[in-house]
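[1] here are the coordinates; sequence isn't available:
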């Protein structure tokens with residue numbers, strides 16, 4: 001089992017920044033590709049960003065490319081999502097997820113966190 005706990009959500013004005021963090025425990029963190037997803041009210045959950053278990057590559061949804069940056073610290077068992085130039089349409093619950101040794105960033109993740117709310121006001 002892998003336990004994931006997100007933090008860092010909150011309320012921010014459009015154009016502002018937030019940094020989300022996900023702390024992992026339970027298994028070898030460096031064996032997992034880590035992803036961030038989000039779900040807005042009335043919408044399906046969507047992929048936001050992911051980082052390969054080796055840390056070598058990343059992937060971003062078109063909607064966030066150039067504004068969001070995903071990073072990981074295997075020594076601290078954390079994965080972060082730096083979100084800049086936030087827009088009202090970025091408002092959603094953001095989830096951290098773990099996928100065992102996969103290069104398919106948009107695959108079926110094995111473990112999920114509880115989510116953290118991000119609200120961007122206009």
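    Ah, there it is. This one's a predicted model, so the numbers in the text were calculated from it and none came from an experiment.

[2] list the contacts for residue 67?
    Residues counted as contacts of residue 67 (CB atoms under 8 Å, 6 or more residues apart in numbering) are 83-86. All C-beta atoms are positioned from the backbone trio N, CA, C, and that covers glycine.

[3] Residue 121 too?
    Here residue 121 is in contact with 11-14, 88 (CB under 8 Å, 6+ apart).

[4] Out of the residues you listed, the closest to residue 44 would be?
    Nearest to residue 44 among the contacts of residue 121 is residue 88, at 18.6 Å by CB to CB.

[5] Distance-wise, check the residue nearest in space to the middle of the chain relative to residue 122.
    Nearest to the mean C-alpha position of the chain, by CA atoms, centre = their mean, lies residue 36 at 2.3 Å. Using CB to CB, to the nearest Å, residue 36 is found at 23 Å from residue 122.

[6] and if you look at residue 74?
    38 Å.

[7] Those two: who's more crowded?
    residue 74 (16 against 9; other CB atoms under 10 Å).

[8] gap between that one and residue 31?
    Residue 74 is 10 Å from residue 31, by CB to CB.

[9] Which residues are in contact with residue 111?
    Applying CB under 8 Å, 6+ apart to residue 111 gives the contacts 1-4, 97-98.
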